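**Student:** Predicted model and sequence below, questions to follow.
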Amino acid sequence: MQARSLETVRVEFILRRTGLQPAGSSPADARAPQSAVERGRLPRITQLLAQAIQYEDMLRRGVGKNFADLARLACLSRERISQLARLLWLAPDIQKKVLSLPRTPSGRFPVGEPALRRIASRLRWSEQRQMWRQLIEQQ
């Protein structure tokens, strides 16, 4: 019988209550409405790329041996983990642009995941960059 190794995972949560104000702010600041973009959500493609980076890091740290382990941990299919991992094939500058996309009121960005996966399927970064430019110009 094999001995299982245990790993401690530390998770931090920040809970915010409506009506409370951060330390050091005045009551006038608490009443000032936020713009829709400030309270918007990150685009889905940003979230998915960040997830892919997190899964890659988990593999490097040995949290899982392969995509099947990650799929079990994340309650996703192996195919979905593979789809997300393919986003890591994007050119580094495209990844940076995707990760720095601004928040949007609806959380939707005109570029979807399937389009991003099509770009990532190109092996040459020069082709990826050209496809990315075309995609952004269309929006």
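**Tutor:** Perfect, thanks for sending it. Numbering: from 1, shown residues only.
**Student:** All the helices of this structure, in order from the start?
**Tutor:** Applying DSSP state H to the chain gives helices spanning 27-31, 44-61, 67-74, 78-86, 92-99, 113-120, 125-138.
**Student:** Could you list every helix and strand in contact with the fourth one?
**Tutor:** Of the remaining helices and strands, those touching helix 78-86 by 3 or more CB pairs under 8 Å, 6 or more residues apart in numbering; DSSP states H and E are helix 44-61, helix 67-74, helix 113-120. Where C-beta positions appear, they are placed from N, C-alpha and C, glycine not excepted.
**Student:** where does this protein have low pLDDT?
**Tutor:** Of all residues in the chain, those with pLDDT under 70 make up the ranges 1-38, 107-108.
**Student:** Nearest approach to residue 105 belongs to which of the helices of the chain?
**Tutor:** With CB to CB, the closest approach to residue 105 among those belongs to helix 44-61: 13.8 Å.
**Student:** Taking helix 113-120 as reference, get the angle to the closest one.
**Tutor:** 60 degrees (axes from the mean of the first three to the mean of the last three CA atoms, to 10 degrees).
**Student:** Packing partners of helix 44-61?
**Tutor:** Using 3+ CB pairs under 8 Å, 6+ apart, helix 44-61 sits against helix 67-74, helix 78-86, helix 92-99, helix 113-120.
**Student:** quick one: which of the ones you listed is nearest residue 53?
**Tutor:** Closest among the helices and strands packed on helix 44-61, using CB to CB: helix 92-99, at 8.1 Å.
**Student:** what residues does that closest one touch?
**Tutor:** 45, 46, 49, 50, 87, 88, 90, 116, 119, 128, 129, 132 (CB atoms under 8 Å, 6 or more residues apart in numbering).
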